[in-house]
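Participant: can't give you the sequence, but here's the structure:
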């Protein structure tokens with residue numbers, strides 16, 4: 001999104017986005033979403049994202065469900081990780097506030113033109129707000145750019161450790177202290193990365209990798225490696 005578009009009044013921006021939606025979406029069959037683990041929200045739709053607070057009980061669950069639901073229903077047109085290729089609106093720029101929540105919900109429930117399907121009756125509002133939570137927690141690429149070289153170093157180091165373990169020259173226990181330090185560093189990086197939406201916390205690859213390492217599972221090295229590899233690839 002250009003700097004000039006970012007400066008447009010919200011009402012004008014909404015018109016631009018809705019026009020783009022009508023022209024850019026392919027034939028997408030809405031897919032239902034499993035919202036197990038999220039609280040019932042009742043029949044009346046909330047006016048503002050109820051899962052926005054990262055200190056809340058359901059924030060992490062909403063992000064994970066929203067990730068899956070977005071990839072099933074939205075990524076085809078709006079791009080992986082919500083990074084638009086230019087044919088559809090870049091939803092990461094929707095502000096994490098009530099006015100843009102209203103715009104988002106209206107478009108998702110009712111569709112926009114012939115190309116944007118309506119999801120009302122297919123998704124419950126938990127699913128819709130989970131997707132919203134996922135979208136608004138996408139990290140600002142400029143904010144994470146300075147950490148990319150270090151994240152590549154960490155990824156390469158994790159890969160080297162996996163090779164040593166596979167060769168029988170080292171074990172997970174040998175790397176315990178180093179992995180704990182890497183987890184702490186990744187968490188620190190994650191806390192410093194802003195969102196494009198202004199949401200209070202970004203769901204960055206650093207955060208995801210730190211969570212995987214925290215499990216200390218036998219597969220944690222590979223999982224963190226894959227998470228960083230995919231994220232670094234998308235960032236390019």
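Facilitator: Now that the structure is in, tell me what you want to look at. Note that the coordinates shown come from a computational prediction; the quantities given were computed from them, not determined experimentally. Numbers count the residues shown, from 1 in each chain.

Participant: let me see the domain layout of this structure.
Facilitator: The chain resolves into domains spanning 3-136, 141-235 when parsed by automatic domain parsing.

Participant: now do the first one, average pLDDT.
Facilitator: In this case it means domain 3-136. Domain 3-136 shows a mean pLDDT of 82.

Participant: residues near residue 197, how many?
Facilitator: When neighbours are counted by other CB atoms under 10 Å, residue 197 registers 23. Heads up, the C-betas are built off the backbone N, CA and C, glycines and all.

Participant: residue contacts, it?
Facilitator: 92-96, 135-138 (CB atoms under 8 Å, 6 or more residues apart in numbering).

Participant: max-length helix in the protein?
Facilitator: Here the longest helix in the chain is taken by residue count, with DSSP state H as the criterion, and it is helix 148-167.

Participant: in helices, which of the contacts of residue 197 fall?
Facilitator: Applying DSSP H to those, the entries found in helices are 135-136.

Participant: out of the contacts of residue 197, which one sits closest to residue 55?
Facilitator: Using CB to CB, the shortest approach to residue 55 within the contacts of residue 197 belongs to residue 137, at 13.6 Å.

Participant: ok so, going back, counting neighbours, which of the contacts of residue 197 comes out on top?
Facilitator: The most neighbours of any of the contacts of residue 197, using other CB under 10 Å, belong to residue 136, which has 32 neighbours.

Participant: these two touch, right, that residue and residue 200?
Facilitator: No: counting by CB atoms under 8 Å, residue 136 stays clear of residue 200, with 9.6 Å between them.

Participant: what's the average pLDDT for the helix or strand following the longest helix of the chain?
Facilitator: Sequence-wise, the next helix or strand downstream of helix 148-167 (DSSP states H and E) is helix 176-192. Helix 176-192 shows a mean pLDDT of 98.

Participant: give me the contact list for helix 176-192.
Facilitator: Applying CB under 8 Å, 6+ apart, the external contacts of helix 176-192 come out as 143-144, 147, 150-151, 154, 157-158, 172, 202, 204, 206-207, 209-210, 213-214, 216, 220-221.

Participant: picking that back up, for residue 136 and residue 200, list the residues in contact with both.
Facilitator: In the contact map built from CB under 8 Å, 6+ apart, the residues linked to both residue 136 and residue 200 are 52, 96.

Participant: and residue 208, what does it touch?
Facilitator: With the criterion set at CB under 8 Å, 6+ apart, residue 208 makes contact with 227, 231.

Participant: got the phi/psi numbers for it?
Facilitator: The phi/psi pair for residue 208 (degrees, to the nearest 10) reads phi -60, psi -40.

Participant: quick one: it from residue 227, how far?
Facilitator: Using CB to CB, to the nearest Å, we find residue 208 at a distance of 5 Å from residue 227.

Participant: since that was my last question, I'll sign off now.
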